[in-house]
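Student: what would the 3D arrangement of this be:
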Amino acid sequence: MGFPGTWMTESESMVYRVVPKCACSTIGQIMFYSDHGRFFDGDIHDATEGLHKWALENSQPAIRANVKTRSSHTFTCVRNPYTRILSSFFDKICGIQRNGKRYRGNLVPLLIQKYGIEVGGDDGKDEFDQIKSFRRFLLFARDTIRWRRPMEPDIHWSAMSGHVSTFIVNGGRYDHIFWTEAFNDGMQKVLDAAPTQHTVDLAAIPRFNESEGHGPKRAHPVEDYFDDLSMHLVKEIYWRDFELFKYDFDDPSNKMPVGEIDLDEVHAKLGD
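Tutor: Okay, the predicted model is just below:
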């Protein structure tokens, strides 16, 4: 049994299941700081020391042992599906990545050819019809998730419930799931429950938004990108995310949750 996407502080004070596009850069840096009293110099996703990660072979025994014995406070963080898929589009599809190249090499040319999207030119800075291109990207995202074509779904737009569930199915259990939209409240509960080496002042912590500036700015309110068909596609892809994490499907302009997350419900429905 494995725990992909799982990070743990070296002190084993806390265990985190990463969900892409849900403040994972900031959470990783907070975890790093809580052990070392400093932030990692660079993108925390690139760190190969100072933080246990399942992707690092040497970290796997420690993570596996901890999760199996449920020794540490274990959590994850989720986000409104409407804003998450929009963020994925502007960052991963329209944006130039930190290596100076397009995300996944031939992905954007494929989308331009097969789905007729625009991305703002070679550098992502030209004007283009963001709404039309986003809705075409949404068709592509649905195709990858529903039929796994023209490629496997990408972690940045596959459903949050899928990421969250692998941890449960393989024997883990969450103590806390919180929303990016109420980040400080949720993260503070984690810090209060975890015996950290260094005190973390959330009010003073910068937001490590590694995707910021990669792509063009969103030119319209969130709700403008979603017509009736787009909302239908979003529901088809993310219905379980809306249900379990209590977001408002009927109003794309409302990014805030409309109920409390029921951990027992999450474990029961995602533990199959």
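Student: quote the end-to-end distance of stretch 109-122.
Tutor: 11 Å (Cα to Cα, to the nearest Å).
Student: flag every buried residue along it.
Tutor: 111, 115, 117-120 (16 or more other Cβ atoms under 10 Å). In short, each C-beta sits where N, CA and C put it, glycine included.
Student: other residues contacting that stretch?
Tutor: 93-94, 108, 126-129, 132-133, 136-137, 139-140, 150-151, 215-216 (Cβ atoms under 8 Å, 6 or more residues apart in numbering).
Student: what about 6 Å?
Tutor: 94, 108, 126, 128, 133, 136-137, 140, 216 (Cβ atoms under 6 Å, 6 or more residues apart in numbering).
Student: what's the farthest-apart pair in those residues?
Tutor: Using Cβ to Cβ, the contacts of stretch 109-122 span at most 20.6 Å, a distance reached by Asp126 and Phe140.
Student: between the two, which one's more packed in?
Tutor: The neighbour comparison of Asp126 against Phe140 (other Cβ atoms under 10 Å) goes to Phe140, with 21 against 11.
Student: any chance of the buried residues of stretch 109-122 in CSV, plus secondary structure?
Tutor: What follows is these, written out as CSV (DSSP: H, G, I helix; E, B strand; the rest coil):
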residue, secondary structure
Leu111, helix
Tyr115, helix
Ile117, coil
Glu118, coil
Val119, coil
Gly120, coil
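Student: farthest-separated two in those residues?
Tutor: Tyr115 and Gly120 (15.5 Å).
Student: mind saving the C-alpha coords of whichever strand in the chain runs longest as CSV?
Tutor: Ranked by number of residues, the top strand in the chain under DSSP state E is strand 73-78. C-alpha atoms of strand 73-78 as CSV (Å, rounded to 0.1, in the frame of the first residue of the first chain):
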residue,chain,number,x,y,z
HIS,A,73,-2.3,15.0,13.1
THR,A,74,-3.3,14.3,9.5
PHE,A,75,-5.0,16.8,7.2
THR,A,76,-5.7,18.0,3.7
CYS,A,77,-7.1,21.2,2.1
VAL,A,78,-9.7,21.6,-0.6
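Student: quick one: mean pLDDT for it?
Tutor: For strand 73-78, mean pLDDT rounds to 98.
Student: begin at 617, not 1, for the rest of this chat.
Tutor: Okay, residue one is now 617; in that scheme the one you just asked about reads as strand 689-694.
Student: tell me where the stretch 617-766 of the chain has strands.
Tutor: Along the stretch 617-766 of the chain, the segments classed as strands by DSSP state E, counting those that start in this stretch run 622-625, 630-633, 667-669, 689-694.
Student: let me have the ones you listed in TSV, extended by distance to Ile679 and mean neighbour count.
Tutor: As requested, these are exported to TSV (distance: least, Cβ to Cβ, whole Å; neighbours: other Cβ atoms under 10 Å):
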stretch	distance to Ile679	mean neighbour count
strand 622-625	5	25
strand 630-633	7	26
strand 667-669	6	22
strand 689-694	11	24
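Student: what would these look like in JSON lines with distance to Pro677?
Tutor: Listed next are these as JSON lines, based on distance: least, Cβ to Cβ, whole Å:
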{"stretch": "strand 622-625", "distance to Pro677": "11"}
{"stretch": "strand 630-633", "distance to Pro677": "14"}
{"stretch": "strand 667-669", "distance to Pro677": "10"}
{"stretch": "strand 689-694", "distance to Pro677": "17"}
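Student: out of the ones you listed, which comes closest to Asp878?
Tutor: strand 689-694 (13.2 Å).
Student: quick one: low-confidence ranges for the stretch 617-766 of the chain?
Tutor: Counting by pLDDT under 70, the stretch 617-766 of the chain contains low-confidence ranges at 617.
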